[in-house]
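Coordinates for the following, if possible.
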Amino acid sequence: MNAKQIIPVIAKIAPPALFGVAIYYGLKWLFSTDDTEKKPETAPASTGTERRRKDAETTAFRPIPAETPAKPAAVHVPSASRVIVPPPAVPSVPKVTAFAPVPAAVTVPKIVTQAPPPPPIKKKFVTREDLANIFQRGARALTRTAAVAALKKLGFGKTAAYAALTPNGRFSTWLQFAPDGIITWTE
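Numbers count the residues shown, from 1 in each chain. The predicted model follows:
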């Protein structure tokens, strides 16, 4: 191979190889077990002062140590003076001194509404008898849309209805599909 033939081969091999090397080192770094992070060493606290504090503490009151300074009070610095704009004048409403006569007690009829009936339980499987009833055992021809609507009235879902009316479906032996879209039932 000459140099002109080697360069395209290297160009095809190099990116996947570099990608593989990057994955190898990435996984090695991710799953490495040596703990290189070092925690700073701290001196153990003296036990004498700790015991005195715990003895002085109670569940209801914990004294604040004297070495803790109190927060300084917040100092309010006035900002530039603001212009106060009074609200717009509201027109006065005249007082009404005479009262209108109140009609006798009006009874409003209470309208009682009934809850709508629960939706029919969706049947899962279309049977041969269901399709025979829809097509009236061959006396009726329907389009696919009308047949699906009739199956939905019987409680089947739209998907189950369209699946039952496919030309190569479960009921294709008893259904005849005309080129104009009319479906008829044959026994």
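
Please list the residues outside stretch 180-187 that contact it.
With contact meaning CB atoms under 8 Å, 6 or more residues apart in numbering, stretch 180-187 is reached by 131-132, 134-138, 140-144, 147, 165, 174-178. To be clear about C-beta, it is placed using only N, CA and C from the backbone, and glycine gets the same treatment.

Which members of these are classed as buried?
131, 134, 135, 142, 144, 147, 165, 175 (16 or more other CB atoms under 10 Å).

The closest residue to the first one other than its chain neighbours and residue 84: what is the separation?
Read that as residue 131. Spatial nearest neighbour of residue 131, excluding adjacent residues (CB to CB, 6 or more residues apart in numbering): residue 171 at 5.6 Å. Counting by CB to CB, to the nearest Å, the separation of residue 171 from residue 84 is 84 Å.

Comparing these two, which residue is more hemmed in?
residue 171 (17 against 5; other CB atoms under 10 Å).

measure residue 182 to residue 107 for me?
If you measure residue 182 against residue 107 using CB to CB, the figure is 59 Å.

quick one: which of these two has more around it?
residue 182 (14 against 6).

partner residues bridging that one?
Beta-bridge partners of residue 182, counted by DSSP bridges, are residue 143.

Nearest to residue 113 among the buried ones among the contacts of stretch 180-187?
Residue 113 has its nearest neighbour among those in residue 134, at 34.0 Å by CB to CB.

Quick check: that closest one touching residue 151?
Yes - using CB atoms under 8 Å, residue 134 is in contact with residue 151, at 6.4 Å.

export stretch 127-137 as PDB, just CAs?
Output of stretch 127-137 as PDB, limited to C-alpha atoms (Å, rounded to 0.1, in the frame of the first residue of the first chain):
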ATOM      1  CA  THR A 127     -68.300 -11.500  18.400                       C
ATOM      2  CA  ARG A 128     -69.700 -12.900  15.200                       C
ATOM      3  CA  GLU A 129     -73.200 -12.500  16.600                       C
ATOM      4  CA  ASP A 130     -72.700  -8.800  17.300                       C
ATOM      5  CA  LEU A 131     -71.700  -8.200  13.600                       C
ATOM      6  CA  ALA A 132     -74.600 -10.300  12.400                       C
ATOM      7  CA  ASN A 133     -77.000  -8.200  14.500                       C
ATOM      8  CA  ILE A 134     -75.600  -4.900  13.100                       C
ATOM      9  CA  PHE A 135     -75.900  -6.000   9.500                       C
ATOM     10  CA  GLN A 136     -79.300  -7.600  10.300                       C
ATOM     11  CA  ARG A 137     -78.000 -11.000   9.100                       C
END
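
Next, the residues that contact it from outside, please.
Taking CB under 8 Å, 6+ apart as the rule, stretch 127-137 contacts 140-142, 147, 150-151, 154, 156, 164, 171, 174-175, 183-185, 187.
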